[in-house]
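> With the sequence up front, the predicted model follows.
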Amino acid sequence: MKIAVLGPGALGCLLAASLKEQGEEVVLLDYRPQRRELLQRRGITVHTLAGEVRVAPVPVALAAAGGAFDLVVVAVKAYQTEAAAGLLPRLLAPGALVLTVQNGLGNLEALAAAVGPERLLAGVVFAGATRPEEGRVVHAGAGPTVIGAPPGSQVTPARLAQVAQVFRRAGWECRIRDDIEVVLWEKLLVNVGINPLTALLRVPNGVLPAIPPAWELAVAAATEAAALARASGLALTVDPDTRLREVCAATAANLSSMLQDVLAGRPTEIAALNGQVVARAKTHGLPTPVNYCLTRLLEALEAAAPSRPSAEKDLVV
Ligand code: PAF
């Protein structure tokens, strides 16, 4: 199976490196020529959960160059989904599958608009990974990966099992679920709670439960999202407080993807996470004051970034 991983972020690099190490025919796709060249030259360095450091010589190509892949794993940030979707038609072999492993809501809809819903798979990754520099990834938290065929997909159980096998061979604990939409929402609860608060406070995931005011807000944001999921007809079984606690413990040393974005001066995924909760809740008449505040705070944080003093001494007048 020819596999492309689209997006050399923490998750994309980790996935591509582990597939390559297992001898899979995998290519990492980037859209920035200079970075592509750097990654191709250096390879992908992985700091494993066991503390080993390994370099995987993953081939890196420009996404715009096209290709004929049997499976494209979309691992770009949610705010890049539209651009990634535009590239997909020229990357797919006949009958190819597209698997999104992105955070947030709205990705499936954007990908379906570009390549049709029938070939889509959705994946939810509970592992934590950080990218201290381009092409270097630290596997910082264990967690399963769950994949499934979302509504509208016509991917057969046999092909789904084939994809799960590819992940398992590469060392990923991969589960298949019929109700992948429920899993996507359960991950959303985690992300709307953990991500904005760790990004605002600049703390690793494991510290969050020990800060009572922040924890209260994290659980409240996840509880609002859980109410929206139920109003949308999804039978979520998880308790927000318990679930968030479990993920914070399993990814204790990890810097959330949103904190990594803030520290690197990149845009965040707040619109696809808490912002989507606020927008979708309106159609159900549900109140989402905590998600609204967190969305506006992250938007403000991003907008303020260029004006922030680089050190405390800059504040002395
Ligand atoms: O976005 C993230 O950082 C991850 O989804 C998670 C699970 C919260 C771990 O940091």
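That came through, no problem.

> so how far is stretch 90-110 off the chain centroid?
Offset of stretch 90-110 from its chain centre (Cα atoms, centre = their mean, to the nearest Å): 13 Å.

> Could you confirm whether it reaches the ligand?
Yes: looking at stretch 90-110 against the ligand by Cβ under 6 Å from any ligand atom, the contacts come from Asn103. For the C-beta atoms, the positions are set from N, CA and C on the backbone; glycine is no exception.

> Return the set of residues that bridge with the residue of the stretch 51-200 of the chain found nearest the ligand.
Residue of the stretch 51-200 of the chain nearest the ligand, by Cβ to the nearest ligand atom: Gly128 (3.9 Å). Residues in a beta bridge with Gly128, per DSSP bridges, are Gly141.

> from what I can see it touches Gly206, true?
No: contact criterion Cβ atoms under 8 Å: Gly128 and Gly206 do not qualify, at 10.0 Å.

> Now list whatever residues contact both of the two.
251, 253-254 (Cβ atoms under 8 Å, 6 or more residues apart in numbering).

> Can you flag the buried ones in those residues?
For those, a neighbour count by 16 or more other Cβ atoms under 10 Å gives the buried set as 251, 254.

> Now narrow the shared contacts of Gly128 and Gly206 to whatever sits close to the ligand.
Answer for these near the ligand (Cβ under 6 Å from any ligand atom): 251, 254.

> can you redo the shared contacts of Gly128 and Gly206 as TSV with secondary structure and pLDDT?
Formatted as TSV, the shared contacts of Gly128 and Gly206 follow (DSSP: H, G, I helix; E, B strand; the rest coil; pLDDT from 0 to 100):
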residue	secondary structure	pLDDT
Thr251	coil	87
Ala253	coil	88
Asn254	coil	88
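
> okay, the shared contacts of Gly128 and Gly206 in TSV with distance to Val163 next?
Shown next, in TSV, are the shared contacts of Gly128 and Gly206 (distance: Cβ to Cβ, whole Å):
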residue	distance to Val163
Thr251	24
Ala253	29
Asn254	25
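
> The residue of the stretch 51-200 of the chain closest to the ligand: neighbour count?
27 (other Cβ atoms under 10 Å).

> now do Glu37
Neighbour tally, Glu37, other Cβ under 10 Å: 13.

> now the helix or strand where it lies: mean pLDDT?
Using DSSP states H and E, Glu37 sits in helix 33-42. Averaged across helix 33-42, the pLDDT comes to 97.

> Identify the residues contacting that helix?
So helix 33-42 is in contact with 8, 28, 30, 55, 58-62, 134-135, going by Cβ under 8 Å, 6+ apart.

> how about a cut-off of 7 Å?
Applying Cβ atoms under 7 Å, 6 or more residues apart in numbering, the contact partners of helix 33-42 are 8, 28, 30, 59-62, 134-135.

> From these, keep the buried residues only.
8, 28, 30, 60-61, 134-135.

> can you list those in a markdown table and add distance to the ligand and secondary structure?
Below are the buried ones among the contacts of helix 33-42 laid out as a markdown table (distance: Cβ to the nearest ligand atom, whole Å; DSSP: H, G, I helix; E, B strand; the rest coil):
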| residue | distance to the ligand | secondary structure |
| --- | --- | --- |
| Pro8 | 16 | coil |
| Leu28 | 20 | strand |
| Asp30 | 20 | strand |
| Val60 | 23 | strand |
| Ala61 | 26 | strand |
| Glu134 | 18 | coil |
| Gly135 | 19 | coil |
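
> Mind picking the two most distant members of those residues?
Between any two of these, the greatest separation by Cβ to Cβ is 15.8 Å, found for Ala61 and Glu134.

> ok, back up a step: after the helix holding Glu37, next one along is what?
Note on helix 33-42: by DSSP H and E, the next helix or strand toward the C-terminus is strand 44-47.

> For the helix or strand just after that next one, which strands pair with it and how are they oriented?
Using DSSP H and E, the next helix or strand after strand 44-47 towards the C-terminus is strand 53-56. Strand pairing for strand 53-56, determined by DSSP bridges: strand 44-47 (antiparallel).

> Give me the residues contacting the partner strand.
13-14, 16-17, 53-56, 58, 135-139.

> pull the CA atoms of that strand into CSV?
Presented in CSV, the C-alpha positions along strand 44-47 are these (Å, rounded to 0.1, in the frame of the first residue of the first chain):
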residue,chain,number,x,y,z
ILE,A,44,12.8,12.5,11.0
THR,A,45,14.3,12.2,14.5
VAL,A,46,12.0,10.5,17.0
HIS,A,47,12.4,10.5,20.8
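
> For the longest strand along the chain, list every residue counted as buried.
Ordering each strand of the chain by length in residues (DSSP state E) puts strand 92-100 first. Using 16+ other Cβ under 10 Å as the test for burial, strand 92-100 gives 92, 96-100.

> what is the mean pLDDT for the helix or strand where Lys20 lies?
For Lys20, the host element (DSSP H and E) is helix 10-21. What helix 10-21 shows for mean pLDDT is 96.

> what packs against it?
strand 2-6, strand 25-30, strand 44-47, strand 53-56, strand 128-133, strand 136-141 (3 or more Cβ pairs under 7 Å, 6 or more residues apart in numbering; DSSP states H and E).
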